[in-house]
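Student: after the sequence you'll find the predicted model.
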Protein chains: 2
Amino acid sequence: MYALVIYDVSSNEKRYNLANHLKTKGLTRIQRSAFIGRILPSTLLDVERAIPKLIDESIDVVHVFQLYDTAIQRLKVFGKPLAEITVEHGVMVVT
Amino acid sequence: MYALVIYDVSSNEKRYNLANHLKTKGLTRIQRSAFIGRILPSTLLDVERAIPKLIDESIDVVHVFQLYDTAIQRLKVFGKPLAEITVEHGVMVVT
């Protein structure tokens, strides 16, 4: 399973802390406010529990998608992503 | 099938034109730079052909994900999305 986390967070500090949290959970940044990565269900639960404490829910928004190999294989990317991801033999490869 | 389109586009004009294009193709804005919606394969092809003309591929980035009902049903949203989406009997409902 993969998680795609996208967000609009106003405060620079909160945005930095959220990005840091997602990095420590093993997700890869593909756009300024978008992280993706293979993730264990238990780790995803940790992320989902942390998000409300990291953002201001009255003004910010975070979407957490659960994706599978096909979604990554069919992903189309235009322009310059911060990282390129592919799936080879069930493993997400970041280049 | 659903398309999730997320992007980092620097120019305000290009960003406006891309957002407008995605709206005209029936996608719903859920975050500042994220649109989602049920889409026909032929319409998604239109979108994918238009994107390179709408952005500066040397600096901008667009990710186009193809999703299915389960990804929408398992979507977790925190905070204040620009629109809330659910799937009821295979139909995407926007509130």
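Tutor: Received it, and whenever you're ready, just let me know what you need.
Student: middle-most residue in chain A, spatially?
Tutor: residue A:35 (2.6 Å; CA atoms, centre = their mean).
Student: measure the closest residue in space to it that isn't next to it in sequence to residue A:3 for me?
Tutor: The spatially closest residue to residue A:35, leaving aside those adjacent along the chain, is residue A:27, at 3.9 Å (CB to CB, 6 or more residues apart in numbering or on different chains). To be clear about C-beta, it is placed using only N, CA and C from the backbone, and glycine gets the same treatment. As judged by CB to CB, to the nearest Å, residue A:27 and residue A:3 stand 7 Å apart.
Student: identify the contacts common to those two.
Tutor: By CB atoms under 8 Å, 6 or more residues apart in numbering or on different chains, residue A:27 and residue A:3 have these common neighbours: A:35-37, A:39.
Student: please flag which of those residues sit within helices.
Tutor: With helices defined by DSSP state H, no entry of these lies inside them.
Student: closest one of these to residue B:82?
Tutor: For residue B:82, the nearest member of the shared contacts of residue A:27 and residue A:3 is residue A:35. The distance, counting by CB to CB, is 19.8 Å.
Student: isn't that closest one right up against residue A:4?
Tutor: Yes. The pair formed by residue A:35 and residue A:4 meets the contact definition of CB atoms under 8 Å, at 7.5 Å.
Student: quick check: residues of chain A near chain B?
Tutor: By the rule CB under 8 Å from any CB of the partner chain, the part of chain A lying against chain B is A:4, A:6-8, A:30-34, A:48, A:51-52, A:55-67, A:70-71, A:74-82.
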